[in-house]
Every structure is written in structure tokens, then in C-alpha cells.
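Q: coordinates only, no sequence provided:
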């Protein structure tokens with residue numbers, strides 16, 4: 001450690017902790033964003049899926065905790081220790097089991113706080129103070145100010161912030177690009193398989209907009225009643241069981257049960273906490289298996305196009321496996337393989353994100369505190385079954401977008417690895433910026 005770095009607690013470093021309200025306001029179709037634990041991801045805040053609340057509730061909830069630029073939001077439950085960095089453009093209210101951390105600017109450079117609250121050193125502190133409950137792990141507000149951190153000079157903090165932020169900015173750009181690509185794919189999916197725009201157009205005697213005659217000819221000219229409501233004539237309704245050729249389920253497996261243990265390097269074993277917003281997150285929490293244990297564990301390895309889905313805490317998070325790296329499926333995960341005789345993985349992945357599929361899964365889930373879905377119930381989830389030629393056409397259009405997304409994801413994984421390798425070395429003073 002550099003000689004001018006100091007070890008101190010968050011309290012000693014002037015980090016203020018602001019506790020948030022522990023109630024949940026009523027949700028509505030439109031309004032102001034109310035951020036909860038699911039919106040925190042890898043020290044970023046996403047508004048995807050955020051509850052919308054009334055202006056009155058928004059003002060009330062911000063009286064106790066009004067996030068400011070450079071604050072860090074910290075989760076105390078479900079994913080205790082997970083953080084989100086508040087940028088200047090965010091105007092949000094905070095949900096229960098969240099606290100705000102705020103630097104006073106005297107000891108800690110406010111933008112540097114985001115880097116102190118991530119990486120292995122941070123998670124070691126979380127592990128030291130975590131309370132293991134019957135259902136949830138949690139952190140006590142009284143313990144958080146006791147977290148120890150290494151504090152360099154303000155000048156060094158500014159250099160470290162600039163270095164790490166340049167990497168994070170590229171990751172954010174790739175993520176934003178992927179969101180645009182995904183929106184393009186989702187727009188096509190919604191038009192074809194949710195709103196049935198091509199069918200609606202043909203029913204009105206019109207040519208489907210933006211579609212060539214050959215593709216348009218694949219769609220019927222009538223809607224009929226089904227278990228899912230009105231669907232195109234000739235289309236069917238199946239189940240996840242009929243649309244998958246395999247469900248990989250190793251949720252209770254551990255290395256010790258296979259006569260082994262975790263290793264420093266090897267095959268990464270991911271769990272539900274590593275899948276969020278269709279991305280691999282928190283790479284610093286991923287543990288590894290040697291080749292022998294991996295082959296015992298994953299007797300059926302994942303292949304490109306498999307869908308990884310969380311079974312609980314939370315349920316229904318998805319990741320499209322691109323085959324660039326072997327993964328071992330650990331706690332609270334399913335691996336779904338599309339039945340190529342009935343559908344393709346692209347369609348199945350998109351269908352599982354629809355309102356219909358999510359509602360179906362929630363209706364089949366169980367659990368008094370944490371909702372989870374058993375494999376037997378998951379297999380019963382209803383899935384629309386268009387003709388294979390339409391699905392193949394959809395796949396041919398969307399696959400290019402998916403490949404571009406996969407390349408950006410792969411680059412992000414490399415950048416995150418670089419960031420997570422540099423961060424502890426920079427925060428410990430092992431690497432000093434601005435020195436020969």
C-alpha cells in the first residue's frame with residue numbers, strides 16, 4: 001500500500017448514510033420512477049422495470065432520502081452490498097431496503113465513492129458484516145459505517161476516477177448500443193407475434209408495412225380464439241415442455257457433493273445473482289471449477305442459443321448464451337434448449353420476455369417470501385406456436401442483431417475483467433498512476 005494511503009471506516013472517511021423509507025407506494029401505469037433493488041446492477045442504475053408512482057408519493061418518498069449526483073445507492077437485502085451510482089440526469093425516489101451513501105467531499109472525492117463500493121475489497125467487507133437469515137441475507141444500517149476502506153489522497157482519487165471511468169464509459173456505450181439493438185429486435189417481435197400487425201393489415205386489405213410480398217404471404221388473413229386470446233388462424237398454443245428439447249437443472253449441486261471444491265481458475269460457475277437484464281453481472285462473485293469437476297457437473301454442456309433463466313430471487317431473469325465461453329450452471333438457474341422441430345431459440349427467448357409469459361410464470365410460482373418456479377410448473381407455461389417458416393424468417397432477420405449484441409457483450413466481459421483486475425491494484429496502491 002502506498003505510504004500516504006490510510007485505512008479508515010466509512011464513518012471516519014466522512015461518508016454519510018441516509019436510510020430510506022421501508023414502505024412501498026402504490027404503483028400506477030404512468031408517473032415518476034421509484035427505484036428498487038432490481039434496478040441496481042454492477043454499480044449502475046437502470047430504470048427498466050422500475051415501479052411508477054404518483055407525483056404526491058414521489059415527493060413524500062424523497063423527503064427522507066433525496067438522491068444527489070455522485071451518491072451511491074446500497075442494497076441491504078436480497079443482493080446485500082449491490083450498489084448503483086447516481087448520475088446527474090437521474091430524478092428518482094428510492095424503495096425499501098436501500099440506503100444512500102454520500103461523500104462530504106473533504107476526505108473522499110464524491111465521484112470516487114463509486115469505486116470504493118465495488119471490487120473484491122468491498123465485497124470482503126460485505127461478507128464480514130452480512131447477516132444470514134432463513135430466507136434473505138442482509139446488512140444492518142448500524143454496521144455499514146464500520147466498513148473499512150483504503151483512502152488515497154484527493155489528487156490520487158481524481159486520477160483513479162478518471163482511469164476507471166474511461167473503462168466504464170466504454171462498457172456503458174456498448175450497453176447502450178445493445179439496448180438499441182434489442183429494441184429493434186423487440187419491435188419486430190411485438191409486431192409479428194404480439195400485435196399481429198401483418199395479419200391485421202391483410203384483414204384490412206392492405207400490404208403489411210415494411211414487409212416484402214414473400215414474407216407477407218407467410219401470414220394468414222384471420223384471427224381466431226385460443227387459450228392466449230386472439231391469435232392468427234392456423235397458429236397453435238404449446239407449452240415450454242413442447243418447445244424445449246432439454247431443461248438443464250443443477251440447482252442443488254455443489255462441488256463438495258461431487259468430491260471436489262472451488263479452484264482459483266478454470267470453468268466459471270454462475271448463479272442467479274450473475275444474471276440480470278440479459279447480461280452477466282458481478283463477475284467478481286463468480287467461482288471456478290476444474291475440468292474434471294466441470295465435466296461431472298455439466299454432463300450436458302451449454303451450446304450456443306441455450307437460454308439461461310433464473311428460477312427464483314428473482315425469477316425469470318434471462319440470458320442468451322452465445323457460446324463464447326463455457327459456463328457451469330449453479331444455484332437457482334435453468335438451462336433451456338429450444339426444440340428445433342417446433343421453434344428456434346431466438347423466438348423462445350423473446351417469448352419468455354412477453355407479458356403473457358411472465359404472468360403465466362408468476363401464476364405458477366410458489367413461495368411465501370421469495371417467488372420461485374419449479375421445473376414441473378415451468379414446463380406448463382403456455383407458448384404461442386407460429387408455423388416454422390415464419391419463425392425461420394424471424395430468426396434470419398434478428399440473428400444479425402443478436403450476433404452484434406453478443407460481440408458487444410464479449411467486449412464488455414473483457415473490459416470488466418480488465419477493470420476488476422486493475423481496481424484492487426489501484427485501490428491498494430500496488431499500481432500508482434502518474435508514476436514512472
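A: Right, received. Where do you want to start? Owing to the predicted nature of the structure, the values given are computational and were not obtained by experimental measurement. Numbering: from 1, shown residues only.

Q: would you map the helices across the stretch 301-436 of the chain?
A: 345-351, 355-364, 375-378, 388-428 (DSSP state H, counting those that start in this stretch).

Q: to residue 78, which of those lies closest?
A: With Cβ to Cβ as the measure, helix 355-364 is the member of those nearest residue 78 (17.3 Å). The C-beta positions use only the backbone N, C-alpha and C, and glycine is treated the same way.

Q: what comes into contact with that closest one?
A: With contact meaning Cβ atoms under 8 Å, 6 or more residues apart in numbering, helix 355-364 is reached by 228, 315-316, 351-352, 371, 373, 377-378, 380-384.

Q: likewise for stretch 389-405?
A: For stretch 389-405, contacts defined as Cβ under 8 Å, 6+ apart pick out 178, 181-182, 184-185, 188-189, 192-193, 215, 218-219, 320, 322, 343-344, 346-347, 350.

Q: show the buried residues in those residues.
A: Those of the contacts of stretch 389-405 that meet the buried threshold are 178, 181-182, 185, 188-189, 192-193, 215, 218-219, 320, 322, 343-344, 346-347, 350, by 16 or more other Cβ atoms under 10 Å.

Q: separation between the residue most central in space within the chain and residue 193?
A: For the chain, residue 276 is the residue whose C-alpha lies nearest the centre (Cα atoms, centre = their mean; 1.3 Å). Taking Cβ to Cβ, to the nearest Å as the measure, residue 276 falls 25 Å from residue 193.

Q: still on that earlier bit, with mean pLDDT and distance to residue 5 added, can I get the helices of the stretch 301-436 of the chain in TSV?
A: As requested, the helices of the stretch 301-436 of the chain are exported to TSV (pLDDT from 0 to 100; distance: least, Cβ to Cβ, whole Å):
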stretch	mean pLDDT	distance to residue 5
helix 345-351	96	46
helix 355-364	95	48
helix 375-378	96	50
helix 388-428	86	8
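
Q: with distance to residue 140 added, can I get those in CSV?
A: Below are those laid out as CSV (distance: least, Cβ to Cβ, whole Å):
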stretch, distance to residue 140
helix 345-351, 39
helix 355-364, 31
helix 375-378, 35
helix 388-428, 25
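
Q: and of the ones you listed, who's closest to residue 30?
A: With distances scored as Cβ to Cβ, the stretch of these nearest to residue 30 is helix 355-364 (16.6 Å).

Q: related to what we said a few turns ago, so the residue nearest to the centre of the chain sits right up against residue 317, yeah?
A: Yes. Taking contacts as Cβ atoms under 8 Å, residue 276 lies within contact range of residue 317: 5.8 Å.

Q: could you measure the closest residue to residue 379 other than its chain neighbours against residue 376, distance?
A: Distances taken as Cβ to Cβ, 6 or more residues apart in numbering place residue 241 nearest to residue 379, at 3.8 Å, with adjacent residues excluded. Distance from residue 241 to residue 376, counting by Cβ to Cβ: 9 Å.

Q: who has more neighbours, those two?
A: residue 241 (15 against 9; other Cβ atoms under 10 Å).

Q: hang on, the more buried one is in a helix, isn't it?
A: Yes. When DSSP: H, G, I helix; E, B strand; the rest coil is applied, residue 241 is found to be in a helix.

Q: so what pLDDT did the closest residue to residue 411 other than its chain neighbours get?
A: Closest residue to residue 411 apart from its sequence neighbours, by Cβ to Cβ, 6+ apart: residue 174 at 5.9 Å. Per-residue pLDDT puts residue 174 at 93.

Q: which element, helix or strand, includes residue 174?
A: Assessed by DSSP states H and E, residue 174 sits inside helix 154-193.
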